[in-house]
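Participant: could you work out the structure for the sequence below:
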Amino acid sequence: MKCALITGGSRGIGKAICVQLAKDTDYHILINYNSNETAARQTLTEIEANGGTAEIIQFNVVDADQVKTKLDAWQEDNKDAIIEVIINNAGITKDNLFMWMTQNDWQNVINTSLDGFYNVTNHLIQKLLRNRYGRIINIASVSGVKGTAGQTNYSAAKGAIIGATKALAQEIAKRNITVNAVAPGFIRTDMTNELDEKELKKLIPANRFGEAEEVAHIVSFLASKKASYITGEVININGGIYS
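Facilitator: The predicted structure is shown next:
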């Protein structure tokens, strides 16, 4: 059984990726969630309604021991399964001007994106290397590419993810494993609900927010065999926001 693991897969962009991968590929989808089991189950139901197969797996990406324990237990129960695709999507925002940003809000945002990437990918990478095939896709952000005022913590976290993507891509390309980042701009999800869409879309040449499904399509392509010569790339999907 070949599997794709999506961290933070219960809502928003993560959910859209889970559903799209299930439609486009034969992968058994592992929907990771941290706290919202109801949302994770809804994602599972949607995948099954479309004829795909999936299961939910609960762990907090920030907690290295929990990541290891849960993934090892899953592997023990599914001895013939291999996770070929890792999509590091889990992330949080705690926006504030830097001068008022608390240590906690700095640390939590950095840890979720950056430690989350390390904990999950590092634990699974040996198997990808032995298998000589894999796809690692990191969900970055326009904030990590151009920086966003009021998001110094999030911009730092996502900028670091982009650097890690480029470095790791060079280390493992010989083993037929690609590592890419996708950097969405303003996408209509729970995370952007608080934003003033009417004002912000004036900054976007496409004059609208993107949809989670639009991000999911590019992720699905990068996860496929068709994308085998694309690695170390950052694909921006932002309606031309800083072109």
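Participant: and the residue located most distally from the centre of the chain, how close does it get to residue 26?
Facilitator: What lies farthest from the middle of the chain is residue 99; by CA atoms, centre = their mean that is 28.8 Å. With distances taken as CB to CB, to the nearest Å, residue 99 is found 51 Å from residue 26. Where C-beta positions appear, they are placed from N, C-alpha and C, glycine not excepted.
Participant: again, but for residue 135
Facilitator: Distance, residue 135 to residue 26, by CB to CB: 14 Å.
Participant: gap between the helix or strand bottoming out on mean pLDDT in the chain and the chain center?
Facilitator: Lowest mean confidence among the helices and strands of the chain (mean pLDDT, DSSP states H and E): helix 197-200, at a mean of 80. Relative to its chain's centre, helix 197-200 lies at 25 Å (CA atoms, centre = their mean, to the nearest Å).
Participant: got the buried residues for it?
Facilitator: Residues of helix 197-200 include none that count as buried (16 or more other CB atoms under 10 Å).
Participant: got the contact list for the most centrally placed residue in the chain?
Facilitator: In the chain, the residue lying closest to the centroid (CA atoms, centre = their mean) is residue 89, at 1.9 Å. Counting by CB atoms under 8 Å, 6 or more residues apart in numbering, residue 89 touches 6-9, 13-14, 17, 139.
Participant: strands - which of these land there?
Facilitator: Those of those mapping onto strands are 6, 139, per DSSP state E.
Participant: from the contact counts, what lies against the helix ranked longest in the chain?
Facilitator: Criterion DSSP state H: the longest helix present in the chain is helix 152-172. Judged by 3 or more CB pairs under 8 Å, 6 or more residues apart in numbering; DSSP states H and E, helix 152-172 is in contact with helix 103-110, helix 116-131, strand 134-139, helix 142-146, strand 177-184, strand 234-237.
Participant: let me see the mean pLDDT of it.
Facilitator: Taken as a whole, helix 152-172 has a mean pLDDT of 98.
Participant: going forward can the numbers begin at 55, since that is how I track them
Facilitator: Okay, using 55 as the starting number, the last item reads as helix 206-226.
Participant: can you point out the buried residues in that helix?
Facilitator: Buried residues in helix 206-226 (16+ other CB under 10 Å): 206-216, 218-219, 222-223, 226.
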